[in-house]
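Participant: what follows is a predicted protein model with its sequence.
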Amino acid sequence: MIKRMLHSQTKTVTFAALLLGVSALISRLLGLVRDRLLAGTFGAGEDLDVYFAAFRIPDFVYGILIMGGISAIFLPVFAEYFKKDEEKGWQLASNILNCFLVLLILICGLLALFTPWLIKFITPGFSAEQKALAVSLTRIMFLSPIFLGLSSLFSGVLHYFNRFFAYSIAPIIYNLSIILGILFFVPTFGLYGLAYGVILGAVLHWLVQVPAAKISGFRYLPIFNFRSPGLKKIFKLMVPRTIGTAAFHINLMVITAIASTLVAGSISIFNFANNIQHFPIGIIGASFALASFPVLSRAWVDGQREKFLENFSSVFRQIFFLIIPVSVLVFLLRAQLVRLILGTGQFGWQDTRLTAACLGLFCFGIFAFSAVPFLSRVFYSFQDTKTPVIISLVTIALNVSLCFLFVWLLSFDNFFHSFIVDNLKLYGISSIGVVGLPLALAISGVVRFCLLLFFLRKKLGHIRLGEIKDSFEKIFLASLLMGIAVYFSLQFLAALVDMQTFAGLLVQVILAFLVGAFVYLLSTYLLKSPEMKTMKSSILRQFVK
């Protein structure tokens, strides 16, 4: 049974996205369980601020060299080599695996030496004791990007052969390992137990993909050729992409540094809200981006321009079909979601209100954050890494500027401060500077989305914007009708259930969600939105021989 699943290949982008989406759903649910355990165990305070800050630098290495570099660039180059000569394709894979392993070990080792200085940069508001603990945790977690780097190469191979099952299991195991760390390691090792859970998760994230890669034909070869044309091409394509992702993670470090100067718990509140908003992004945006990347890369390599544009339009519209109504739902249910997920133990009412406010502001950019990974990979599929990077740098500069501006404006009484307090119901909270951070991120995300779409059209010319516009109008109208129905159902249900209990909140959220889903699906059916038919037929094709 397991062997058959490892052998299985997806036949359509939509089914691959569905498989990845289900995996992401399970993984994100586990992530919410993880956050609830963290909130209940530590609260939004100094200890958790230290953990999130310590996680930032290893995540920086993972982001720039792995997610931003090798995982995005490896697939198009491997596809090009494998199509010409399968043996050379496998040699390229082994050479990249060996060279990047050495590179990651060297980089993580050097950064471990300079960790005290790096921690001072990203946590200027921390005490000496907090900085010392953050340094120790960071050095332990530098093992994580090494194992995740190995994992990313195997992921690229599996993506090329449309074998998404093993890849989809990896993040689930990763989050389970962190939960095990909270439950079993933290009672013995304290905050260090969280770091040990992260390392365990990274190791298992890699190991679970090894059997499926072998089934695909991968055989390890002890090749170390830093002068390989394929490796040089990957490095060349990686440079602009790495600069862009480095800037993105430096941006997050700047946000962490700003949050460290605010009241205790601000880093935790921002991260909790960010994790919740990434729930739909990971399920929908990332899943479609990953599933479509091999198809787009092969279509471009084969010179099939019309197939390329057809897949682009179809995936883009499906992302919007799913993410826009979800954004509306998350915004309307933000307070209930935060209370259900985080409202336990040491996590107080003020923490809940601030986190819900941050989540509400994030919602205005969720559609953009979901589409950006896909739009970026459209550029990568024809090996253009420069354009997305330049756009990323521009919007990151915008975000940092807005962060400083909004935090400053929220530090004293003025029209902007009053507007935020009134609309997000933050009465009675003396320091609300943290909510300026998600607002800045949402605005810069929307700008980044618009610029990517503009330059993609300029690059390719006709990208079927007409049919995308028609679909968007129907999706927007259906989402508006759904939002009205959910709003009134929430008011009605609030009088029927006990809003002070977990069970009452859960019933209200589930029933409101069901009402919203019914109204949205009925509206899109009556409006004759083509996306539902596309998704249905794509799923059925997976099971037809």
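Facilitator: Okay, I see it.

Participant: which regions of the stretch 151-300 of the chain sit below the pLDDT cut-off?
Facilitator: Applying pLDDT under 70 to the stretch 151-300 of the chain flags residues 240-241, 244-247.

Participant: okay, helices next: where are they in it?
Facilitator: Remark: helices assigned in the stretch 151-300 of the chain by DSSP state H, counting those that start in this stretch are 165-180, 186-189, 191-207, 210-216, 229-260, 266-280, 287-301.

Participant: buried set for stretch 30-47?
Facilitator: 30-39, 41-47 (16 or more other Cβ atoms under 10 Å). Backbone N, C-alpha and C define where each C-beta goes, glycine included.

Participant: gap between Val407 and Thr387?
Facilitator: 31 Å (Cβ to Cβ, to the nearest Å).

Participant: who has more neighbours, those two?
Facilitator: Neighbour count, other Cβ atoms under 10 Å: between Val407 and Thr387, Val407 has more, with 23 against 18.

Participant: tell me which helix or strand the more buried one sits in.
Facilitator: For Val407, the host element (DSSP states H and E) is helix 386-409.

Participant: and that helix, average pLDDT?
Facilitator: For helix 386-409, mean pLDDT is 90.

Participant: kindly report the same for stretch 37-49.
Facilitator: Here the average pLDDT along stretch 37-49 is 81.

Participant: neighbouring contacts of it?
Facilitator: Contact partners of stretch 37-49, identified using Cβ atoms under 8 Å, 6 or more residues apart in numbering, comprise 51, 126, 130, 179, 182-183, 186, 191, 260, 264-269, 272, 341-348, 351, 355.

Participant: wait, isn't Tyr167 in contact with Leu153?
Facilitator: No - with contact defined as Cβ atoms under 8 Å, Tyr167 does not count as touching Leu153 (11.9 Å).

Participant: out of the helices of the stretch 151-300 of the chain, which one sits most buried?
Facilitator: helix 266-280 (a mean of 25; mean count of other Cβ atoms under 10 Å).

Participant: just the angle between that one and helix 229-260, please?
Facilitator: In terms of direction (axes from the mean of the first three to the mean of the last three Cα atoms, to 10 degrees), helix 266-280 departs from helix 229-260 by 130 degrees.

Participant: tell me which residues touch the spatially most central residue of the chain, please.
Facilitator: In the chain, the C-alpha nearest the mean C-alpha coordinate belongs to Gly282, at 4.9 Å (Cα atoms, centre = their mean). Neighbouring residues of Gly282 by Cβ under 8 Å, 6+ apart: 24, 27-28.

Participant: quick one: which of those is most hemmed in?
Facilitator: Ala24 (26 neighbours).

Participant: what helix or strand is that residue on?
Facilitator: Using DSSP H and E, Ala24 falls in helix 13-42.

Participant: just after that helix, pick out the following helix or strand.
Facilitator: helix 46-61.

Participant: gap between that next one and the chain center?
Facilitator: From the chain centre to the centre of helix 46-61 is a distance of 17 Å (Cα atoms, centre = their mean, to the nearest Å).

Participant: pLDDT score for Ser136?
Facilitator: For Ser136, the predicted pLDDT is 94.

Participant: surely it is in contact with Tyr192?
Facilitator: Yes - using Cβ under 8 Å, Ser136 is in contact with Tyr192, at 7.4 Å.

Participant: OK, contacts around Asn175?
Facilitator: 27, 30-31, 34, 201 are the contacts of Asn175 under Cβ under 8 Å, 6+ apart.

Participant: of these, which is the nearest to Leu296?
Facilitator: Ser27 (24.1 Å; Cβ to Cβ).

Participant: please name the residues that touch the closest residue in space to that closest one that isn't next to it in sequence.
Facilitator: The shortest distance from Ser27 to any non-neighbouring residue, by Cβ to Cβ, 6 or more residues apart in numbering, is to Pro171 (4.1 Å). Contact analysis of Pro171 by Cβ under 8 Å, 6+ apart lists 23-24, 27, 205.

Participant: what about the stretch 401-545 of the chain, any weak spots by pLDDT?
Facilitator: Using pLDDT under 70, the flagged stretches of the stretch 401-545 of the chain are 536-545.

Participant: one more time with 90
Facilitator: 411, 424-432, 456-469, 471, 494-505, 528-545 (pLDDT under 90).

Participant: rewinding a little: tilt between the helix holding Ala24 and helix 165-180?
Facilitator: Going by the same axes, to 10 degrees, helix 13-42 makes 10 degrees with helix 165-180.

Participant: thinking again about what came up before, now the contacts of Asn175 as TSV including distance to Ile324?
Facilitator: Listed next are these as TSV, based on distance: Cβ to Cβ, whole Å:
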residue	distance to Ile324
Ser27	23
Leu30	26
Gly31	23
Arg34	27
Gly201	32
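
Participant: nearest to Lys88, of those?
Facilitator: Gly201 (33.8 Å).

Participant: show me what contacts that closest one?
Facilitator: Per Cβ under 8 Å, 6+ apart, neighbours of Gly201: 144, 173-178, 181.

Participant: how near is it to Tyr51?
Facilitator: For Gly201 relative to Tyr51 (Cβ to Cβ), the value is 15 Å.

Participant: run a quick neighbour tally on Ser431.
Facilitator: 12.

Participant: which SS class is it?
Facilitator: Following DSSP: H, G, I helix; E, B strand; the rest coil, Ser431 is assigned to coil.

Participant: quick one: buried residues of stretch 348-357?
Facilitator: Of the residues in stretch 348-357, 350-357 count as buried by neighbour count, 16+ other Cβ under 10 Å.

Participant: run a quick neighbour tally on Tyr525.
Facilitator: Neighbour tally, Tyr525, other Cβ under 10 Å: 12.

Participant: isn't it right up against Val519?
Facilitator: No - using Cβ under 8 Å, Tyr525 is not in contact with Val519; the gap is 10.8 Å.

Participant: quick one: which of the contacts of Gly201 is nearest Ala485?
Facilitator: Nearest member of these to Ala485, counting by Cβ to Cβ, is Asn175, at 33.0 Å.
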